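>>> Compute the structure for the input listed below.
(one chain, ligands or ions: 1)
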Amino acid sequence: MQAAEQPAILNRDSHKWGQPAKMKSTTRSVPTTRGIKRIDLAYVQLATSESARDINRDVVLEIIRSQQPVARADLARASGLQPSTVSAIVEQLIAEKWVKEGAIERRPRGRHPTLLALNDGLVILTADIRPKQAIVALLDLNGRFLAREVVPLVSEPESSISKIISCMKAMRAGYPNRSFEGIGISMPGRVDSESQRLILAPNLKWGSYDIKSDIEKEMRLQVELTNAANAALLAELWSGKLDGIRNAVLITVSEGVGGAILANGQIVTSRSGLAGEFGHSPIDPTGPQCGCGQHGCWEVFASSTAALRYYAEIRPEEASVNIHELLHLAEEEDPAAITALTRQATCLGRGLRLVTVALSPEVILIAGDITTSWARFGPIVQAELEATMLAGSAPQLGITNDGEFARLRGAAAVVLQRHSGYQRSGSKVTRAKTSHPTRS
Ligand SMILES: [Zn+2]
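Numbering: from 1, shown residues only. Presented below is the predicted three-dimensional model:
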């Protein structure tokens, strides 16, 4: 069983958006299709014995992850694979350090199997970069936080990254016996998945500075950059809460408003990684100027920054409060704070029409500051969402409940996905560029 003292990426939370996950016997029950299918030959890849083996490997690893500690015989039963195939895959996973053998299970009859679990000696460094600060954290393969530190940032990217690198080096020095798998970084902007360069971050303004190369050079570990909303969505997927849901949208509400899309079971990043920027859809061309250069984007009305602006309009003498103080003021029934946050919640709910008309998801999840007072402001968002539906009932509306940890967990998950064999993106299946590049 997993340690229960801390939240884990991999814990199957009792709070689920989707249907309870069934074990992956679905690999055996896919109906055979008969007919003709249009195939885009630009993207097709033939099934090989190697790709079949890697799919089976991913299935076995997922069963270990969700059912650990687990015996080999139980893996064979749960996966439907031959015991000899399972044994070969397990040997490979142990050699690759993903899995370790642990306790011996005492059974009343027959053999006493050695149980398998994820190797929590393997760790991932992560950072959640925001305009004014970064949170640097160390997670193990079971998603437990071993260390966590806040690093204040300056406007200049080189100095900011150098502070993050120093923090990561100190963290690594504190765990000399762990094996470092890589570094995952959540960015408040869009990252081109091919070039791994930041191509849009209106609230960060770091230009085209090459974050990845500088950190890789200093840390000698592979770095993966990802968008904050995609990281938060990935953390939800890994937690199992979205099992059974194929179409969902996650909206992050902080300095700006970001979005991540799960469509037909796949996270959609699309061309240049720019999909999901609902926050920069124009709502009112006469509205305030947005960081992207346009006027009246959804985010200038629905972000935490917007709530602070609404408050400053009512109480100009107290314009220096931050969002946490504003939420606290509302909890203490400060009328100006309640008015400001109600206005933000109304704009947030109204703008969700952008999401429902474009994608008609089953679930919409909100992550970010306003969710800490969801009991008060959630119903306002819900009412606006329902009032703006084009047809049918509104999607299920929820919050991620994981606060700042979601981005860190998601960034760690990106590292694990990239390194665990095959990275799947739509129908295109490509082998990850490197596996275990410079594990120390
Ligand atoms: Zn904008």
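>>> Please identify the residues of the protein in proximity to the ion?
Neighbours of the ion within the chain, by Cβ under 5 Å from the ion: H280, C290, C292, Q294, C297. All C-beta atoms are positioned from the backbone trio N, CA, C, and that covers glycine.
>>> What subset of these is buried?
Among the residues of the chain next to the ion, the ones that count as buried by 16 or more other Cβ atoms under 10 Å are H280, C290, C292, C297.
>>> The closest residue to the ion within the stretch 1-150 of the chain: how many residues sit nearby?
Using Cβ to the ion, the single residue of the stretch 1-150 of the chain nearest to the ion is P131, 14.8 Å away. Residue crowding around P131 was assessed by other Cβ atoms under 10 Å; the count is 20.
>>> just to revisit the earlier point, got the buried ones among the residues of the chain next to the ion as TSV, with distance to G184, pLDDT and secondary structure columns?
Converted to TSV, those look like this (distance: Cβ to Cβ, whole Å; pLDDT from 0 to 100; DSSP: H, G, I helix; E, B strand; the rest coil):
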residue	distance to G184	pLDDT	secondary structure
H280	25	95	helix
C290	28	94	coil
C292	26	90	coil
C297	28	97	strand
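>>> can you pull up the bridge partners for the closest residue to the ion within the stretch 51-200 of the chain?
Using Cβ to the ion, L200 is the residue of the stretch 51-200 of the chain that sits closest to the ion, at 9.7 Å. Partner residues in beta bridges with L200, using DSSP bridges, are R190.
>>> Kindly state the pLDDT recorded for it?
pLDDT recorded at L200 is 83.
>>> In this structure it contacts A275, no?
No: counting by Cβ atoms under 8 Å, L200 stays clear of A275, with 11.5 Å between them.
>>> Give me the number of neighbouring residues for P157.
Counted with other Cβ under 10 Å, P157 comes out at 20.
>>> now do R77
For R77, using other Cβ under 10 Å, the count is 15.
>>> Phi and psi next, for the residue nearest to T286 when sequence neighbours are not counted.
Closest residue to T286 apart from its sequence neighbours, by Cβ to Cβ, 6 or more residues apart in numbering: G296 at 6.3 Å. The phi and psi values for G296, taken as degrees, to the nearest 10, are phi 70, psi 30.
>>> now do P202
Per-residue torsions, P202: phi -60, psi -30 (degrees, to the nearest 10).
>>> That one: how many residues sit nearby?
20.
>>> quick one: it and C290 touch, right?
Yes: under the criterion of Cβ under 8 Å, P202 makes contact with C290 at 6.8 Å.
>>> what packs against the longest helix seen in the chain?
If you go by DSSP state H, the chain has its longest helix at helix 335-359. With contacts taken as 3 or more Cβ pairs under 8 Å, 6 or more residues apart in numbering; DSSP states H and E, helix 335-359 sits against strand 248-253, strand 257-263, helix 299-302, helix 304-314, helix 323-331, strand 363-368, helix 374-387.
>>> buried ones in it?
336-356, 359.
>>> Make sure E181 is indeed in a strand.
Yes: assigned with DSSP: H, G, I helix; E, B strand; the rest coil, E181 falls within a strand.
>>> so what sits against both of P202 and C290?
H280 (Cβ atoms under 8 Å, 6 or more residues apart in numbering).
>>> V268 against G259, yeah?
No: using Cβ under 8 Å, V268 is not in contact with G259, being 10.2 Å away.
>>> Which one of the two is surrounded by more residues?
Neighbour count, other Cβ under 10 Å: between V268 and G259, G259 has more, with 25 against 16.
>>> before we move on, back to that, how close does the residue nearest to T286 get to I366?
21 Å (Cβ to Cβ, to the nearest Å).
>>> hey, what's in contact with both of V268 and G259?
G276.
>>> Next up, phi/psi of the most far-flung residue of the chain relative to its centre, please.
What lies farthest from the middle of the chain is R109; by Cα atoms, centre = their mean that is 43.4 Å. Here is the backbone geometry of R109 (degrees, to the nearest 10): phi -130, psi 160.
>>> Retrieve the pLDDT associated with it.
Looking at R109, the pLDDT reads 79.
>>> and what of D369?
On the pLDDT scale, D369 gets 90.
>>> Let me see the contact set for it.
With contacts defined as Cβ under 8 Å, 6+ apart, the neighbours of D369 are V253, S254, S304, I323, H324, L327.
>>> By neighbours, which of the residues you listed wins?
Top of the contacts of D369 by neighbour count (other Cβ under 10 Å): V253, with 27 neighbours.
>>> Can you give me the buried ones in stretch 141-148?
L141, N142, G143, R144, F145, A147.
>>> for stretch 120-131, that is, sorry about that
The neighbour-count check on stretch 120-131 (16+ other Cβ under 10 Å) flags D120, L122, V123, I124, L125, T126, A127, D128, I129, R130, P131 as buried.
>>> pLDDT weak spots in the stretch 251-400 of the chain?
Applying pLDDT under 70 to the stretch 251-400 of the chain flags no residue at all.
>>> if I look at the closest residue to A306 other than its chain neighbours, how far off is the ion?
Spatial nearest neighbour of A306, excluding adjacent residues (Cβ to Cβ, 6+ apart): Q344 at 5.5 Å. The gap separating Q344 from the ion is 16 Å, by Cβ to the ion, to the nearest Å.
>>> residue boundaries of the helices in the chain?
49-67, 72-79, 83-95, 157-173, 211-219, 228-239, 299-302, 304-314, 323-331, 335-359, 374-387, 405-419.
>>> Touching stretch 279-296 from outside, list them.
200, 202-203, 205, 256-259, 297-303, 309, 347, 350-351, 354.
>>> switch to 10 Å and redo it
When contacts are defined by Cβ atoms under 10 Å, 6 or more residues apart in numbering, stretch 279-296 is touched by residues 131, 189, 200-205, 229, 251-253, 255-259, 274, 277, 297-303, 305-306, 309, 347, 350-351, 353-355, 358.
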